[in-house]
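A.B. asks: just need the structure, nothing else, for what follows:
(2 chains)
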Protein chains: 2
Amino acid sequence: MSIAKLTEAERDALLSDHRQWSLARDGAAIERKFAFADFSEAWGFMNRVALIAEKHDHHPEWFNVYNRVEITLTTHDAAPESGGALSARDVKMVEAIEALLG
Amino acid sequence: MSIAKLTEAERDALLSDHRQWSLARDGAAIERKFAFADFSEAWGFMNRVALIAEKHDHHPEWFNVYNRVEITLTTHDAAPESGGALSARDVKMVEAIEALLG
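C.D. replies: Numbering: from 1, shown residues only, chains lettered A, B, ... in the order given. Predicted coordinates:
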C-alpha cells in the first residue's frame, strides 16, 4: 500500500513545530540526536521508543553508543523506489517521541 | 586507567574463534551484522546485549533498523588518543553475545 508523502507545507510545519529535528537525505528523512546522562537513561528512552515503534508498526533507523542516541525516521512505503520519504507516520512518531521527553 | 591492547596473536585467535565477526577501523574494532525475524526478535536480542553491556560496563556502538542489528566493539581506554583498540573487554563481549545465540 502506498502512503502519501508530506507536502512541502506539511514538512515545513513539522520542522517548525519540532526545531530539534532536521531534514536528512535531501528531505526524505528527519533526524535528531539525543544525549542522556548515561547508558541506563539512554536505554530506558530507547525502550520506550521501541514500544511506540512496534505499536505504530513504524520503526526507526537508530544508532546508540553509551549515552548518545541518533534517530532517523523515514517511510519506505511513501517512496519505495528511492528508499523512502516523509509521511504522516513520521510526524506521529516525532510527536510521540517528543511527548516522552516532556 | 589504561587497558592493554590485544596482541596480534590474541586478535587472530578472536577472529578464528568467531568467524562471523570481522575487523573494522584498521583492526581497532570488531563488528558483526545480525538479521532476525522481525523487530520484536531483534529488540529482544538487543535488550539482552544491553544488560550484558551494562554489567560489564562495556557498551557497544550499534545500529538497528527493524530486524537488522549491527554491533561494533572497541575499547576506548586501550587507545584513547586514536579512538580505541581491541582489548580483552571486547573478547568477553563477543563471547557473551555469541553465547546468547546458542
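
A.B. asks: not counting sequence-adjacent ones, nearest residue to the residue positioned nearest the centre of chain A?
C.D. replies: The centroid of chain A falls nearest to A:Leu73 when counting by Cα atoms, centre = their mean (3.6 Å). For A:Leu73, ignoring the flanking residues on the chain, the nearest one in space by Cβ to Cβ, 6 or more residues apart in numbering or on different chains is A:Asp90 at 4.4 Å. All C-beta spots, glycine's among them, are computed from the backbone N, C-alpha and C.

A.B. asks: thought the one you found was touching A:Ile30?
C.D. replies: Yes: at 6.0 Å, A:Asp90 and A:Ile30 qualify as touching, with contact defined as Cβ atoms under 8 Å.

A.B. asks: quickly list what's touching both of those two.
C.D. replies: With contacts taken as Cβ atoms under 8 Å, 6 or more residues apart in numbering or on different chains, A:Asp90 and A:Ile30 have A:14, A:73-74 as neighbours in common.

A.B. asks: tell me the one among those nearest to B:Glu61.
C.D. replies: Proximity of the shared contacts of A:Asp90 and A:Ile30 to B:Glu61 (Cβ to Cβ) peaks at A:Leu73, which lies at 20.4 Å.

A.B. asks: shaky segments in chain A?
C.D. replies: For chain A, applying pLDDT under 70 flags the ranges A:1.

A.B. asks: tell me the residues of it that contact chain B?
C.D. replies: Proximity of chain A to chain B (Cβ under 8 Å from any Cβ of the partner chain) is limited to residues A:39-40, A:43, A:47, A:50, A:53-54, A:59-66.
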